[in-house]
Every structure is written in C-alpha cells, then in structure tokens.
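Colleague: quick one: sequence and predicted model below, then my questions.
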Amino acid sequence: MKPTDENSNEQKHFDTPEQKVQNTHAVQLWREYFSERFETFERRKMQTVSFRDLADGKDTSYTFVHIYRDYYPALLNAGQFFDEDIALLYKYHVQIETLIRLFSFEGQYGVASYMQANFDATVEKLSDQMYVTLKQINSEKLLLENKQLIEESLRNFQSLYEIPAKWGHLLFYLFQISWSLLYVEQAWVEKYERQLLEERESGKASQMLELALVHFAFASGKDELAFERLSQSEKKIDMVHYLVWMKLLVDKQEWTRLLSWLLHLKPNFLDGVGTYYYHSDSREFFHEYLNYFWKYAQHTGDEDQYEEMLIEFLPITFYEYGEYLMVIGEHERWVELQIIMGYSPELIQRKDLKEVVSFQKETVLPIYHQAIDRLINERTRKSYQSAIKHLKTLRSLYFELGDEERFSQYIDQIATVYGRLRAFQEELRKGKFIS
C-alpha cells in the first residue's frame, strides 16, 4: 500500500509542529520534528545555566536525565497513528533519537563520575525498551504495506553508527535485534552481506564488520556459516552477543536452531568454569545460558540434552540438577546427588527433603548417615550435639519404616567405633541412645 499524498515527503505547511508526526508515513518528517522539538527543549534548559557550570557538573537544571524524562516522553506523546505498527515504528525512531541525544550530551558536556552509573542504566533501560518495541511490530505486514517506509527507517537506523566507540557493544546489540525483528527483507540481508564481503576482500577490517557478517549468516538461517565465521574472528566474541542470538531464537521459537547454538557454545562455557566463582559476569552469562537450555527442554520435551549439560557442569549446576530430578520424580538419584556433593540435611531445602520422605523414606537414610559420620569426625562438642539431632530424626525414620532393629544395630556400631570419644558418648547418653 503506497502512502497517500497527505502522508508524502513533499514540503507542505503544517499548522503545528506536531502535525509532522500525526499519521505521517515519513521518517524524514519525524526527524525534522525531533530536531525542532529538541532545539526548543534545550534552549529552555540552557536559559538558566552557564556552559561552565554545565561542563563542571555544578548545575542540575539541565542533565541527561531531562532528555530521558522530559524530551523522550514528549516525542512519544506527539505521535498519533491509525496504524498500530507504524505507531510502533515511530516509537522505535523516537528511541533511536533519544539514544543519539544522550550520547551527544555525554560527548559535549560529559557526565559527572557520580552520575555515570545512572547514565549507563538509562542507556541500558532505553535499549531494552527498543527490544520490546521491535518485538511488538508485525514486520512482515509492515514490509508488505509500507516497504518504502521501512527502507527509510533502515537508512535512519544507520545514524547510530556514529555513536562513541566505547558503546560498540550496544551498537551491535541494536544491530542484532533490528536486523532480526524489523529489517527482515532477505534481499536486504543479502545485499548488505555482499557489500561487507567486498569491503573485507578490499582489506578493510574491524570487529563490527566481522560481527555483522556473522549476524547476516544468522539472519539467513545459515548457522553453520555463522559458526565458521565466529571461529575465524581474530578477537574473542563477547558472550553477551551469543546470548542475544539465542534470545532471538527463543522469541521466534526456533528450537532446533536454538539447540545448535546451545551445543556450539557448550565448550566455551566448559572452558570458563574456572572463572565462575570469581567473576559475576561469568555467573550471569552462564545462568542465562542455562535458562535457554531449560526453555529448549520445556518446549521440545528433549530433556536428555539438558540433563547431560547439567551433569557436565556439576558442581555449579547442583541446584538446577537437583530441581530437575525433583520435577521428574527421580528421588533416588536426587539423594545420590546430595550425597555426592556432601550436603547435610540442614543445607537441603526443607520442602525437597520433606517431599522425598513422603514418597520414599528409605532413600533419605544415607543423607543422615553421611551427615552424622562427618559431624562426629569434626570432634567438637557442638558437632556432637548436631549429630545427636540427626540421630533423633534417623530414629524416627527407621521406626516409621518398622526397622527398629536396624537402627539399634547402627547405634551399637557407632558407640563402639567412637567409644574413645568421651564427649560424644556423653551426648549419646543425654539423647538416651545408650545407657
């Protein structure tokens, strides 16, 4: 469907600036409105602050916060559209505009050190909102009815390439989500991929170029080619980029492809197990990876791959593997896991222990035996007292199973083996296990 003359890009008179973004199908008009609105916004803010105070961070009448809290919502509220998808596209370009203004502010005036964390959080929040916006757009319908508008959108998207180099990871994130959720025309993917290949052959090289080629292979569904290009990259690829590709596959419910990426990534995470306990990023990335594996298992019913992964990554997957075994009702294997990991009853979630006891009392006995032996061998009065508490629980379990004789034999055994530990013998007598 072609835009009507009313929505064309030709010069025309508007009674108010807002009419440029009211049901108009032209990114250029949107951008003109953004610029006009920003000039007014910044002029009003600058009237009460000197440049020196602004540069020194001494005045709070104009900061990047105002761009996000005042300028950004004003642009969002100005746009009114009959078509919901075009309204979302407009919102996406408002978000691009806001990002660019934020980075421009940072470059021109700087951000005070005590505000840097807030600035970074604002940028991250805005980029997350862009992902949500793109997911809501029916890109296929929009391409069918307004292809020229999407082409104009793509040209405007490229203005993000001018953001500071230190935000390169964010730029590629936006590249990934935009080329996967909005610019999905395969002819465009192939065209830009050819251009990048020609640039590389001519001697140009950059990590962004290499990553873009990987993503174009991904966007074309050529995962083996993507893996090959990843392996050829001279620089190590940040894990966050891998996780975005998997997130996109989850959102599109492409489960077979997701498994390919999960298995391809497994060696990377196995190699990085040593850093798990020392770096918060490693832990965060691993658990996101784990979550995608769980989603794969949930939606496909293929739990073998998931369980194999959980076993390979023990002990860091201890809780996840224990939860998995509880879900599938493998109580004996759950107990074996607790014993292998050396977990005593007080470290095990009460609800899990209670559930296993309710189904199979006899399976939990080894957990208590192991805990009691370990506590006795610690050889402190406090550890003996803890062992007695577990012995009382163990006695109840054996009696409920109708196996009092076996418990009596166990008490005789430990009383004999640890007969020289006077303090322990005293605790046994206090607990009325021996006379």
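Modeller: On my side now, so go ahead. Since this is a predicted model, take the numbers as computed values, not measurements.
Colleague: what about the closest residue to residue 344 other than its chain neighbours, neighbour count?
Modeller: Nearest-residue entry for residue 344: residue 371, 3.9 Å, with adjacent residues in sequence omitted and distances by CB to CB, 6 or more residues apart in numbering. Where you see a C-beta, it was placed from the backbone N, CA and C, and this is true even at glycine. Residue 371 is surrounded by 26 other residues when neighbours are defined as other CB atoms under 10 Å.
Colleague: quick one: pLDDT of residue 371?
Modeller: In this prediction, residue 371 carries a pLDDT score of 93.
Colleague: try residue 133
Modeller: At residue 133, the predicted lDDT confidence score is 98.
Colleague: distance of the residue nearest to residue 344 from residue 364?
Modeller: 11 Å (CB to CB, to the nearest Å).
Colleague: name the element the residue nearest to residue 344 belongs to?
Modeller: Element membership of residue 371 [criterion: DSSP states H and E] is helix 365-378.
Colleague: got the buried residues for that helix?
Modeller: Of the residues in helix 365-378, 365, 367-368, 370-372, 375-376 count as buried by neighbour count, 16 or more other CB atoms under 10 Å.
Colleague: check which element follows the helix or strand bottoming out on mean pLDDT in the chain along the chain.
Modeller: Lowest mean confidence among the helices and strands of the chain (mean pLDDT, DSSP states H and E): helix 51-56, at a mean of 57. For helix 51-56, the following helix or strand on the C-terminal side (DSSP H and E) is helix 64-66.
Colleague: now do that next one, average pLDDT.
Modeller: Averaging the model's pLDDT scores along helix 64-66 yields 89.
Colleague: chain center to the helix or strand following that helix: distance?
Modeller: Remark: after helix 64-66, the chain's next helix or strand is helix 72-78, criterion DSSP H and E. Average the C-alpha atoms of helix 72-78, do the same for its chain, and the two points are 28 Å apart (CA atoms, centre = their mean, to the nearest Å).
Colleague: and the very next helix or strand once past helix 72-78, what does it pack against?
Modeller: Note on helix 72-78: by DSSP H and E, the next helix or strand toward the C-terminus is helix 84-109. When contacts are defined as 3 or more CB pairs under 8 Å, 6 or more residues apart in numbering; DSSP states H and E, helix 84-109 packs onto helix 27-46, helix 64-66, helix 72-78, helix 116-136, helix 139-157.
Colleague: one more pass at 10 Å, please.
Modeller: Helices and strands touching helix 84-109, by 3 or more CB pairs under 10 Å, 6 or more residues apart in numbering; DSSP states H and E, are helix 27-46, helix 51-56, helix 64-66, helix 72-78, helix 116-136, helix 139-157, helix 168-181.
Colleague: as a markdown table, these with distance to residue 357 would be great.
Modeller: What follows is the helices and strands packed on helix 84-109, written out as a markdown table (distance: least, CB to CB, whole Å):
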| stretch | distance to residue 357 |
| --- | --- |
| helix 27-46 | 64 |
| helix 51-56 | 66 |
| helix 64-66 | 55 |
| helix 72-78 | 56 |
| helix 116-136 | 44 |
| helix 139-157 | 53 |
| helix 168-181 | 48 |
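Colleague: highest mean neighbour count out of those?
Modeller: The highest mean neighbour count among the helices and strands packed on helix 84-109, using mean count of other CB atoms under 10 Å, belongs to helix 168-181: a mean of 19.
Colleague: would you confirm that residue 372 contacts residue 395?
Modeller: No - between residue 372 and residue 395 there is no contact, the gap being 11.3 Å when judged by CB atoms under 10 Å.
Colleague: intersection of neighbour lists for these two?
Modeller: Residues within reach of residue 372 and of residue 395 at once, by CB atoms under 10 Å, 6 or more residues apart in numbering, are residue 410.
Colleague: burial of residue 231, as a residue count?
Modeller: Here the count is done by other CB under 10 Å, and residue 231 has 9 residues near it.
Colleague: from now on call the first residue 788
Modeller: Will do, 788 is the new start, and the previous item becomes residue 1018.
Colleague: tell me the contacts of it?
Modeller: Neighbour list for residue 1018: 1024, 1051 [criterion: CB under 10 Å, 6+ apart].
Colleague: list the buried ones in whichever strand or helix holds it?
Modeller: Under the criterion of DSSP H and E, residue 1018 resides in helix 1010-1019. For helix 1010-1019, a neighbour-count test (16+ other CB under 10 Å) marks 1010, 1013-1014, 1016-1017 as buried.
Colleague: output that helix as CSV, restricted to C-alpha atoms.
Modeller: Included here for helix 1010-1019 are C-alpha records, laid out as CSV according to Å, rounded to 0.1, in the frame of the first residue of the first chain:
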residue,chain,number,x,y,z
ASP,A,1010,24.0,-21.3,11.4
GLU,A,1011,27.0,-23.4,10.3
LEU,A,1012,28.3,-20.5,8.3
ALA,A,1013,27.8,-18.3,11.3
PHE,A,1014,29.8,-20.7,13.5
GLU,A,1015,32.5,-20.8,10.8
ARG,A,1016,32.7,-17.0,10.7
LEU,A,1017,32.8,-16.9,14.5
SER,A,1018,35.7,-19.3,14.6
GLN,A,1019,37.6,-17.1,12.1
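Colleague: relative to helix 1010-1019, how tilted is the helix or strand following that helix?
Modeller: Taking DSSP H and E as the definition, the helix or strand that follows helix 1010-1019 towards the C-terminus is helix 1026-1038. Going by axes from the mean of the first three to the mean of the last three CA atoms, to 10 degrees, helix 1026-1038 is angled at 170 degrees with respect to helix 1010-1019.
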